[in-house]
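**Student:** below: sequence and its predicted model.
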Amino acid sequence: MSKLRLGVNIDHVATVRNARGEGYPDPVRAAEMALAAGADGITAHLREDRRHISDADIDALAATCRKRGRPLNFEMAVTAEMEAIALAHLPHAACLVPERREEVTTEGGLDVARGHNAIAPLVAKLVDAGIRVSCFIDADLAQVAAAKSVGAQVIELHTGAYCQAVRERLPQAAALLQNLKAAASEAHRLGLEVHAGHGIDYETVKPVAAIPELMELNIGHFLIGEAIFIGLGPAIQRMRALMDEARATRAA
Ligand code: PXP
């Protein structure tokens, strides 16, 4: 089984900065630390309302990742504004996400099946520009097929419902993990690269990381929270070790 990559989402460093309207803490410094601690890439979501990451952060993160030769995964809504920003920066990857102004976080996956007519031309432009495009979707076989049909090369499976069920000790956790496994297997069969993310912590990372088709996890909020207690580098190193353990157990 190939090594699972870790993308660290640094959005919430910007959330803390913006709480005071100051320049500290700096998401670029967090990105540098994350890469030094074993992250394979950096993920950032420029939201329409700019509640955390700013346009200037994207400029700086794109430059930092380019300088370090590491991938920037640009999370973006399906809008003309975000399309223009992605094409101006040419990040390694773009992940298409749904966005509603009133949501606290990305609550569900993108409805690729319903949005086909808006999503397919955007995917074509991004792919033509050399950007690897993923669709952030729920673990639903119809959405996997739709992601393939719009021309995405990658899907990112939304692990939020599973992680929440585990945290709240809900009986449906096992079924939700099963859905993730089935969606990963179907995507792989269709030739899509499979990623996963949202809500992952030290407890949920191992069952997710053990899904053999997965190539990348994107983790943010928990790591930034844990950084308050043990530091960003050690939090990432622990997450990385748990991912590697899950893969080693699976391979054994
Ligand atoms: N992947 C995607 C597409 C996301 O939108 C997010 C949240 O911004 C994450 C991964 C990371 O989720 P979390 O911050 O809950 O770890």
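**Tutor:** Sure thing, it's come through. Residues are numbered from 1 along each chain as shown.
**Student:** convert the C-alpha atoms of the worst-scoring helix or strand of the chain on mean pLDDT to CSV, please.
**Tutor:** Lowest mean confidence among the helices and strands of the chain (mean pLDDT, DSSP states H and E): helix 232-251, at a mean of 93. What follows is helix 232-251, C-alpha atoms only, in CSV (Å, rounded to 0.1, in the frame of the first residue of the first chain):
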residue,chain,number,x,y,z
LEU,A,232,1.8,22.4,16.1
GLY,A,233,4.9,20.3,15.2
PRO,A,234,4.3,17.6,17.9
ALA,A,235,0.5,17.4,17.0
ILE,A,236,1.3,16.8,13.4
GLN,A,237,4.0,14.3,14.2
ARG,A,238,1.6,12.3,16.4
MET,A,239,-1.1,12.4,13.7
ARG,A,240,1.5,11.3,11.1
ALA,A,241,2.6,8.4,13.4
LEU,A,242,-1.0,7.3,13.8
MET,A,243,-1.5,7.3,10.0
ASP,A,244,1.6,5.3,9.5
GLU,A,245,0.6,2.8,12.2
ALA,A,246,-2.8,2.3,10.6
ARG,A,247,-1.1,1.6,7.3
ALA,A,248,1.4,-0.8,8.8
THR,A,249,-1.3,-2.7,10.7
ARG,A,250,-3.3,-3.0,7.5
ALA,A,251,-0.3,-4.2,5.5
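**Student:** residues making contact with it?
**Tutor:** With contacts defined as C-beta atoms under 8 Å, 6 or more residues apart in numbering, helix 232-251 is touched by 1, 3-4, 6, 8, 30, 33-34, 36-39, 202, 205-210, 212, 217, 219, 223-224, 226-227, 230. Just so you know, the C-beta spots here come from the backbone N, C-alpha and C atoms, and that holds for glycine as well.
**Student:** out of those, which sit inside helices?
**Tutor:** Counting by DSSP state H, the contacts of helix 232-251 place 30, 33-34, 36, 205-209, 223-224, 226-227, 230 in helices.
**Student:** buried subset of those?
**Tutor:** Ala30, Met33, Ala34, Val205, Lys206, Pro207, Val208, Ala209, Leu223, Ile224, Glu226, Ala227 (16 or more other C-beta atoms under 10 Å).
**Student:** re the thing from before, make CSV out of the ones in helices among the contacts of helix 232-251 and add distance to Ala86 and pLDDT.
**Tutor:** As requested, the ones in helices among the contacts of helix 232-251 are exported to CSV (distance: C-beta to C-beta, whole Å; pLDDT from 0 to 100):
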residue, distance to Ala86, pLDDT
Ala30, 22, 98
Met33, 25, 98
Ala34, 21, 98
Ala36, 26, 97
Val205, 28, 98
Lys206, 33, 97
Pro207, 32, 98
Val208, 27, 98
Ala209, 28, 98
Leu223, 24, 98
Ile224, 24, 98
Glu226, 30, 98
Ala227, 28, 98
Ile230, 34, 98
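**Student:** and the chain, which residues reach the ligand?
**Tutor:** Residues of the chain lying close to the ligand (C-beta under 6 Å from any ligand atom) are 9, 11, 45, 75, 95, 97, 105-106, 136, 156, 197-200, 218-222.
**Student:** I appreciate the help and will end here.
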